[in-house]
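Colleague: show me how the following folds:
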Amino acid sequence: MRIRRVSAAGLVLALVAAGCSGSDSSTSANPTGATAKSDPVSTATASTESGVPSDSTPTSSSAPPLGDPKDCPLGALDAASGKVTIKFWYDYDGKRGEEFKALVAAFNASQNKVAIDASFHGNPASFSAIADDFVLAAGSGAGPDLISVNGGNTQLMLDSHTTVPMGACVTADKADISDFLPAIRSTGMSGDTMVSMPWGASGFVLFYNKAAFTKAGLDPDKPPSNLAEIRADSKTIMQAGAAKHGISMIALSAFMKGMITTNGDAWYAASGSDGRADHVVAGGAAGQKLLSQLQDMVTTGELIAYPPGPNPDALLAIASGDSAMAIAPAGQLGDVLKAIADGGAAGVVGGVGPLPTIDKPTMANYEGAGSPLWIAKGTDPAKREAAYRFAKWLVEPEQIYQWVTATGCFPIRTSAADLPAMQQFYAANPQFKVAYDQASKSPLGPLAPRTGATDVMPIFDDMFAAVLTKGADPSKELAAAITKADASLAAYNASVTTSG
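Modeller: Numbering: from 1, shown residues only. Next comes the predicted model:
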């Protein structure tokens, strides 16, 4: 199959923003004054004598198989002599990278059968670079045994035929994953098969300055829930002199897509039964309305739009007092709080609310969120099992707690959210719980159409930036972008069909 690399700089922030993997957020400095982390109450997990979780984890007898257990026979790891080393690729940078290294070190020290050789393998100019490199390396045998890939690459990974469904190992292990949040679990599904293990998710939220709301006579505990309310609050805030602008935003199409799907409208459409996207809907009438309204907000000064790129300008605008609100990934909450603590505008009080919709009260859509874990096919059953054991360990409540409280993501399992230590953390840091509440209320619905064509979203990045920062005509720009993107989808689908 043909592998496509993204050329638009900054897309890494755009698509990864749908999940925690794209944000470089740190809460370990405790900017909110929360009490120090306490050891979470452990949940019982059966183990072998080596300390690696075994196949005796309770299972739900009513759950359908998530994969064929024949694709992941277990037992080779315990039979192996000495430690089994597996290569793991990830693209977490900054604080996330540091925290992940700590998790790897903890796993390696916790048992004597598996050694994780983890290495950074990212490219700031492309959210798909790690997936592209994995597919290319798989053919030569030089690739990793386990990889964490942005959720937006799911179709690309499936089309490569280079992985073993994670559900095959889950089924063989009789593992119970029923407590994964339904909306997050869907990010690792393809039909009834669990192709990857969900990991790292945050979703978009609304950051806002409570002090600006108070100064403007607005309820600081009632952020806007839709576009009309954003506009109304922005005007009130500006008239009161509480901030120069109502809201700030990076001109990246991921934000547009996030508001459209949260509004209950489609981004992609698929005419076939395989769920492969062959047309960009871009929200239809809702997308047109959003573009026109946002451009009008730029004209009136309600919205300050920054050029696309991996920059924190929209969030820093809150800390400086230039804007009262910003839409960004929940995983960047630590960045906002740190900026305030490190010398932002005096009197800024950080608040977080659910991602506003355009005009409908709907739930968030987490399709493609986070950086799910994939197991390479390989030929060594011991390495395959070792990769699964690490993935399983990584999503245990204790490790999720460590990752969440250090990065700003949210727990992807109710068992992690229910840990006494997590509850204590949320009580002291209520802003961090907003994204979890938003995700936990989102049901598992039909899977949205997907594509492996990684050059589609850059087309909409260019369009969105032209509309918000250059005053281009919204209707003409959107129509042109859809036409160009549909051609790219057709070319990609034809290449996959041709190559098999």
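
Colleague: show me where pLDDT drops low in this protein?
Modeller: Scanning the chain for pLDDT under 70 picks out 1-64, 124-127, 310, 331, 334-346, 362-368, 443-446, 498-500.

Colleague: what's the domain layout of it?
Modeller: With domains defined by automatic domain parsing, the chain comprises 11-201+368-440, 204-366+447-499.

Colleague: and those as TSV, adding mean neighbour count?
Modeller: Heads up, the C-betas are built off the backbone N, CA and C, glycines and all. Listed next are those as TSV, based on neighbours: other Cβ atoms under 10 Å:
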stretch	mean neighbour count
domain 11-201+368-440	20
domain 204-366+447-499	20
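
Colleague: chain center to the longest helix seen in the chain: distance?
Modeller: Longest helix in the chain, counting residues (DSSP state H): helix 474-499. Centre-to-centre, helix 474-499 and its host chain are 24 Å apart (Cα atoms, centre = their mean, to the nearest Å).

Colleague: packing partners of that helix?
Modeller: Helix 474-499 sits against strand 279-280, helix 285-300, helix 457-469, with contacts defined as 3 or more Cβ pairs under 8 Å, 6 or more residues apart in numbering; DSSP states H and E.

Colleague: and the contacts of stretch 386-399?
Modeller: Residues external to stretch 386-399 that are found in contact with it (Cβ atoms under 8 Å, 6 or more residues apart in numbering): 40, 42-43, 45, 52-53, 72, 77, 84, 86, 88, 103, 106-107, 110, 113-114, 116, 145-146, 166, 169, 173, 175, 197-199, 373, 375-376, 411-413, 415-416, 419.

Colleague: so which of the helices and strands packed on helix 474-499 gets nearest residue 134?
Modeller: Of all the helices and strands packed on helix 474-499, it is helix 457-469 that lies closest to residue 134, at 19.5 Å by Cβ to Cβ.

Colleague: what's the angle from the closest one to helix 285-300?
Modeller: Angle between the axes of helix 457-469 and helix 285-300 is 40 degrees (criterion: axes from the mean of the first three to the mean of the last three Cα atoms, to 10 degrees).

Colleague: which residues are contacting helix 457-469?
Modeller: The contact list for helix 457-469, computed with Cβ under 8 Å, 6+ apart, reads 6-8, 10-11, 14-15, 152, 249, 251-257, 280, 282, 291, 294-295, 298, 303, 305-308, 472-474, 477-478, 480-481, 484-485, 488.

Colleague: just the ones in strands from the contacts of stretch 386-399, please.
Modeller: Residues from the contacts of stretch 386-399 lying in strands, with DSSP state E as the criterion: 84, 86, 88, 114, 116, 146, 373, 375, 376.

Colleague: any chance of CSV for the helices and strands packed on helix 474-499, columns distance to residue 215?
Modeller: Shown next, in CSV, are those (distance: least, Cβ to Cβ, whole Å):
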stretch, distance to residue 215
strand 279-280, 41
helix 285-300, 20
helix 457-469, 27
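
Colleague: nearest to residue 232, out of these?
Modeller: Closest to residue 232 of these is helix 285-300 (Cβ to Cβ; 11.5 Å).

Colleague: could you pull out the strands for the stretch 251-400 of the chain?
Modeller: Secondary structure of the stretch 251-400 of the chain (DSSP state E, counting those that start in this stretch): strands located at 268-269, 279-280, 303-306, 323-329, 350-354, 373-376.

Colleague: reformat the ones you listed as a markdown table; add distance to residue 394.
Modeller: As requested, the strands of the stretch 251-400 of the chain are exported to a markdown table (distance: least, Cβ to Cβ, whole Å):
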| stretch | distance to residue 394 |
| --- | --- |
| strand 268-269 | 30 |
| strand 279-280 | 34 |
| strand 303-306 | 34 |
| strand 323-329 | 20 |
| strand 350-354 | 26 |
| strand 373-376 | 7 |
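
Colleague: residue 135: which of the ones you listed is closest?
Modeller: Nearest of these (Cβ to Cβ): strand 373-376, 10.3 Å.

Colleague: how far is that closest one from where the chain is centred?
Modeller: The answer for strand 373-376 is 17 Å, by Cα atoms, centre = their mean.

Colleague: report all helices and strands that that strand contacts.
Modeller: strand 146-148, strand 163-164, helix 166-173, helix 381-394.

Colleague: can I get those in a markdown table with distance to residue 221?
Modeller: Listed next are these as a markdown table, based on distance: least, Cβ to Cβ, whole Å:
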| stretch | distance to residue 221 |
| --- | --- |
| strand 146-148 | 36 |
| strand 163-164 | 45 |
| helix 166-173 | 40 |
| helix 381-394 | 35 |
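
Colleague: about what we covered before: for the ones in strands among the contacts of stretch 386-399, work out which two are farthest apart.
Modeller: For those, the farthest-apart pair by Cβ to Cβ is 84 and 373; their separation is 17.2 Å.

Colleague: nearest to residue 442, of the helices and strands packed on helix 474-499?
Modeller: Closest of these to residue 442 is helix 285-300, at 18.3 Å (criterion: Cβ to Cβ).

Colleague: run through who's touching the closest one.
Modeller: Contacts for helix 285-300 (Cβ under 8 Å, 6+ apart): 227, 231, 234-235, 246-247, 249, 256, 259-260, 263, 265, 281, 283, 303-305, 358-359, 464, 467-469, 471, 474-475, 477-478.

Colleague: now residue 84. Nearest residue, chain neighbours left out?
Modeller: Computed as Cβ to Cβ, 6 or more residues apart in numbering, the closest residue to residue 84 that is not its neighbour in sequence is residue 386, at 4.5 Å.
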